[in-house]
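**Q** My questions concern the predicted model and sequence given below.
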Amino acid sequence: MSVETGRTARRIACGLLALLPLGAFAARTDLAQTILKSMARPGSAQVAFVEVSYRGMLDRPLITSGTMKWLGGDKLERDVEKPYQVVAKIGDGQMSVERAGHPAQTTPIARAPQMGAILAGFRALLGGDAETLSRDFEVQASGDTARWVLTLTPRSGELQHRVQSIVIDGREGAPRCMTLNEADGDTTITLLGKTAEKGLRSTVPQQAAVMALCRNG
Amino acid sequence: MRNPGSGPGRALPSLATLSALLRRSFDATVFVSRGAKILLFVTWLVAIAAIGVGVARHLRISSDLRSFMPPPQTADQKLLLDEIGEGPGSRLLLLAVSGGSSQRLAQLSQGLKTALQNDPRFLRVSNGNADLSALASSLLPYRYLLSPTLDTQRLDADYLRDQLAQRLEDLSSPAATLLKPLLPRDPTLEILKLAQRWAPTKQPQLREGVWFSSQGEALLVAETRAPGFDPGAQRETIEALQQDFAALPGAQDAKLLISGPGYFSVEVSARTKAEADRFGFITTLGFVILLLIAYRSAVPLVVTALPLLSGAVCGFAALALIFGQAHGITLAFGFTLLGVAQEYPIRVFSHRRAGQTALQSVRGLWPLLATAIVSTCIAYLAFFASGVTGLQQLAVFTITGLVIAGACTRYLLPRVLPEGFRDASSTPGLAQAWRFLSALPRPRWLPWVVLITGILIVAFAPAKFWENDLSALAPVPRNLLMTQARLGAELGAPDVRYLLVLRAPSADGVLALSEKIAPRVEALVTHRAVDAVELPSRYLPSLETQRARQAKLPDAATLQASLAQAERDLPFRPGLFAPFVADVERARTLPPLTPAVFERSPLGARLQAMLVPHDGQWIGLGTLIGVNDPQAIAALSQSTHGAVHLLDLKASSESLLIAYRQRILIALGIAALLLCITVTIALRGPRRALHVLAPMTLATLMVLVVLRAAGIPLSLFHLVSLTLAAGLGLHYALFFERRTDDPAEERRTLHATLVCVISALLVFGVLALSSVPVLRAIGLTVALGVAFHFTLSVLMAPAAHLRHED
C-alpha cells in the first residue's frame, strides 16, 4: 500500500466511523491513541470499497462496491458503482441518497438517535477529540502498530439497542476493513483500499471468508 | 355661597328629595371626635379593599373581541369574531435557539420540541425533524387511504418489484438501520411519504436533522392554543415555554429567541404598562407636591384618592355582577372617563371656609356637583342604549363609578376631614390671578371666529381623519418586527393577514372542495401568486378519495401472488412481508377515516384548527405562506361560486373597528344632546346653559383643530379622551358660571379649578410625552382639552364678563 493510499484509507475510515456506529476512541491505551492521532488529518481524499451485508431478512449477502470520498469537514460521499449507481452524501447532520433517474431523498440523521451519536463521535474523531469519543464508546485496541484491531463498544443504552460493536482492522495506521455488528445480528463488513481492490472471490461469500480477508488480506 | 338653595340642584326635585332624606338620616350622625373620624377612614379603606378583592376574584377580564366589538354584520366579520380571532398565523411562535455548537443546539431543539409536545398549551411543534410517528399506530393501516400513491399506482407485481429492488438498495445504504424496522410492514414506505407530505411546505435548511437559520440558530415553530391577541393567555404560554427551555440540560449557556404575534402582544402590553407605571410614579409625585402646596396640609393627600377608588371598585363590582366579565379595552376606557371624579374631593378641599364644618361646605357645593354628576351620567346612558356590549359595560362602569365617587364625596369625605384647615381663598397671589383673569379682554366676536376657523381647519386639514388600525396605537417595536420578518422568511411562516376560507355543508364537503381546488392552488404557487398553501385535504383526504383508493387495494390472494412474482430472484426471506399483506387486507375493509377519528392522531390538532363548524355549515381554513398577489388568489372565489374565498383579516377587523367607532360616535352624539338637555333643565333656561355648553363645545373643537393640524389621525382613544376632557370642562364651566357676589368664594372656585387644571395638565401632559402612541394619544388630547376648556370657560364665563363690564 502506498503512503498516499494509506492516508486516504485512514481518512475514509474516519468517514466510515461516522457512517457506522462508531465514535469514541477512548484513548486508554497508547496504541488506540496512536491510531487515533494518525487518523485525524484535514484534507480530502477517496478510496475504493467493497461492502458485504449479512442481514436477517435476506437469505444471501448484499454486495456493493464503489468509492468512498471524504470531502473535508464532516462531509462524506459514498458512491455505489456496482451493482447499481447510488450516491449517498452525508454531512450537516443529514444524509441524501440519490439514485440514477430519481430525485435525491434527504433524511435527517438525528431522526435515529444513534445516528446523532455517531456523527458526534465522527466530528470529535476528526478533531482528535478522544474525550468526546470515549463518551459514546468503549475503545479497545489489540495487536501492534504494524497490525492492529480496534474494537468499539457503545456505552449508551440507546446506541446499544442498535449496535453491538464496531471492529476496525488495520495495518501501520491504515484501516483495511471495518465490521459493524448490529444488535439484531446483522453484520456489515466493509473492505477498504487495497483489500477492496483485490475483490471477492465469490458472489455469495461466507461471512467467515470475508472476515478472514479482513484479518489476513 | 349665600343661598345654596337657589343653585341648579333645585331643578332636580327627585334628587333633592333623596338628598334631603339622606341628609336627615345620615347628617344626624355627626362624627365629632378625632377617633371616630379615624375609625370611619379605616372602615372606608377596608370596604374599598374588600370590594376590590371580591372584584378581583369574580370579574373576568376578557380579551375576547366579541365582548368589545359590535355584533358582526358581514359573513367575514362573523367568521373573524366567532372562529378565527386573528387567524392561525397569529397563534404561531417562531423560536430560535443560539449560543452553542450546532450539535448542542440540535439537542436543545429536540428537547424543547419534546417538552412542548407534552404541553397542552401547544397544538403543534415543528423543528424540522419529521416525526415518523405522525400517524398514531392504530391508524397505520390507513396509510394507503391517506397517501396519494394509489391515485397513480396499483400495488401490482411491477410496482412491488421496483419498490423491493429499491429497498434492497436501501439495505446496503447508510440508511439501513433507519429503514430496517419499517420494511416488513411497509415495503413501499408509505409512512415516509406521508411524513414528507405532512412536513411544512417551505422549510429552512436542515442540519443535525433540525432546522437551522442562516445565522446558525436552531429554529422551531410552535402553535399555541391561546389566540395571539390574548396577552394574558399568551403570557402564561410563553412563561411555560421559557421554563420548559430553562429546564433542558445545558440550556443555561444557550439563548432562546421568541417571536410572533402572541409574543408581541405580551411585550407590547408589558411595555405600555411599564411606561404607564413610570409616568404614574412621576405624576403621583407631582400631584403630591401640588396638593401640599395648594392646601399646605397633608390631609388632602391622604383622603383625595378615596372617592375615585371607591367609584372604581364599585364600577368593577357592577360589571362583575351584571356582565361577569369585561374587555380589557373597555376597562381602560372606563377608567379614563372616571378620571373626572378626581375633581370632586378637590372642590371640597378648596371650598371649605371659616365658620363652616366640612359637611356644611359640601352641602353648599353639592347642588352644582350633583348637576355635573347627574348630567354626565344621563349622557352616558346613551352608551348603554348603544346595544354594543363593550359600550354598555363602559356605561355601567362609568355611571356607577361617578355616582359612588360623588356620594362618597358628599357623605363620607366630610366626615373624615379634620376640623382644622386653611381657607383656600387666602392663598397668596390668588386674588391677583383672579383680577388678571377678570381683566382679560373678552371680545364678543372671538367665539365666532374660533368656531368658524376651527370648523374649516377640522374639515379641510389634509391629514387622514381616522386611524383604523388599532395596532397602530400600540405598535410592535421595530427590532421585534425585524426579528419576526427574518425568522418568518426562514421558516416560511403563514401570512397573518390572508386566509383561504372554504365553505361546505359538511366537514367532508370541505375536504372534497379542498381536493378539488388543490390543482388550481398549485397553479397559483407555480405562478408565484403565493409561495405555498396548506389546505385541509393535505392532512385528510375526503371520504370519496379514500374510498377510491380503498377500491384499488388488491385482495389478499392477488397481493400474495403479485408479491411472490415481485420477490422472485430477490434475496428477501419468504414470508418477510406478511405484516404488509395483513395491513393491506385491513385497509381494504376499514371505514374511511373521518376528521373526528383523525383528530386523535398527533396531527389531529392541526386539522382541527383548519376545519371548524360554523353557523350550520363547515369552514375550511387554508393557510397561505408568502402572499405576493392577493388578487390572483381572490379570483378563486369566482371560479368556485364563492365556496372558496380569500379572507383579508386586516380589512375585516378594520371594518369591525369602523362599525364600533360609528356606534361610539352615535352614542356620543346622543350623549351630547342629553347633556345639553340636562344642563338646560338644571340651569333653568338656555341662556345660562349656553354659558356652560358654548365653552365646552368650542374647547372640544379646538382640541380637534390641534390634532388635525398636527396631522394626527383620530382613534377611539382620542374620542374617549375628548369625552373625559369635556367632562372636566363641564365642571370648569359650571363653577365659573355660578352666580355669587362673594369675592372670597370666587377665589375658592378659582383655587379649586386651578388645582384641578394643574393636576390634570400634570398627569396628562406627562403622558403626552410617552413613546407609546396610545398613552400619547390620551395624554395629548386630555391635556390640550383641559387647557382649552379652562381658558374658554374663564373667557366666556358670564360672572366675570359682568364684572368686566362693571
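**A** Perfect, thanks for sending it. Numbering: from 1, shown residues only, chains lettered A, B, ... in the order given.

**Q** Quick one: residues contacting the nearest residue to residue A:58 once chain neighbours are set aside.
**A** Spatial nearest neighbour of residue A:58, excluding adjacent residues (CB to CB, 6 or more residues apart in numbering or on different chains): residue B:571 at 4.2 Å. C-betas here are computed from N, CA, C, even on glycine. Counting by CB atoms under 8 Å, 6 or more residues apart in numbering or on different chains, residue B:571 touches A:58, A:59, A:60, A:62, B:168.

**Q** please redo it, this time with the cut-off set to 10 Å
**A** A:55, A:57, A:58, A:59, A:60, A:61, A:62, A:204, B:168, B:171 (CB atoms under 10 Å, 6 or more residues apart in numbering or on different chains).

**Q** Please check these and keep the buried ones.
**A** A:55, A:57, A:58, A:61, A:62, B:168, B:171 (16 or more other CB atoms under 10 Å in any protein chain shown).

**Q** Please narrow these to those residing in helices.
**A** B:168, B:171 (DSSP state H).

**Q** Out of the contacts of residue B:571, which is nearest to residue B:582?
**A** residue A:57 (16.8 Å; CB to CB).

**Q** Now that closest one: phi and psi?
**A** phi -80, psi 0 (degrees, to the nearest 10).

**Q** And for the nearest residue to it once chain neighbours are set aside, the neighbour number?
**A** Spatial nearest neighbour of residue A:57, excluding adjacent residues (CB to CB, 6+ apart): residue B:576 at 5.3 Å. When neighbours are counted by other CB atoms under 10 Å in any protein chain shown, residue B:576 registers 18.

**Q** same question, residue A:185
**A** Using other CB under 10 Å: residue A:185 sits among 10 other residues.

**Q** Over to residue B:555?
**A** 10.

**Q** quick one: it and residue B:585 touch, right?
**A** Yes: with contact defined as CB atoms under 10 Å, residue B:555 and residue B:585 form a contacting pair (7.4 Å).

**Q** For residue B:536, see how far away the residue of chain B positioned farthest from its centre is.
**A** Going by CA atoms, centre = their mean, the residue of chain B most distant from its centre is residue B:569, 68.5 Å out. Going from residue B:569 to residue B:536 by CB to CB, to the nearest Å gives 44 Å.

**Q** Next: residue B:154.
**A** 27 Å.

**Q** ok, now residue B:102?
**A** 35 Å.

**Q** Which one's more surrounded, the two?
**A** With neighbours defined as other CB under 10 Å, residue B:102 and residue B:536 compare such that residue B:536 has more, 28 against 18.

**Q** now the strands for chain A?
**A** Taking DSSP state E, the strands of chain A run over residues A:45-54, A:62-70, A:76-82, A:86-91, A:94-99, A:105-108, A:137-144, A:147-154, A:163-171, A:174-182, A:187-192.

**Q** what stretches of the chain score poorly on pLDDT?
**A** I went with chain A, as the question did not name one. A:1-30, A:36-44, A:72-74, A:93, A:107-133, A:157-158, A:173, A:217 (pLDDT under 70).

**Q** Hmm, no, I was thinking of chain B.
**A** Looking at chain B by pLDDT under 70, you get B:1-32, B:63-68, B:82-88, B:130-136, B:201-202, B:470-471, B:473-474, B:798-806.

**Q** report the longest strand in it, please.
**A** Under DSSP E, chain B gives strand B:617-627 as its longest strand.

**Q** Just give the strands next to that strand in its sheet, each with its orientation.
**A** Looking at strand B:617-627 with DSSP bridges, its partner strands are strand B:498-504 (antiparallel), strand B:530-534 (antiparallel), strand B:611-614 (antiparallel).
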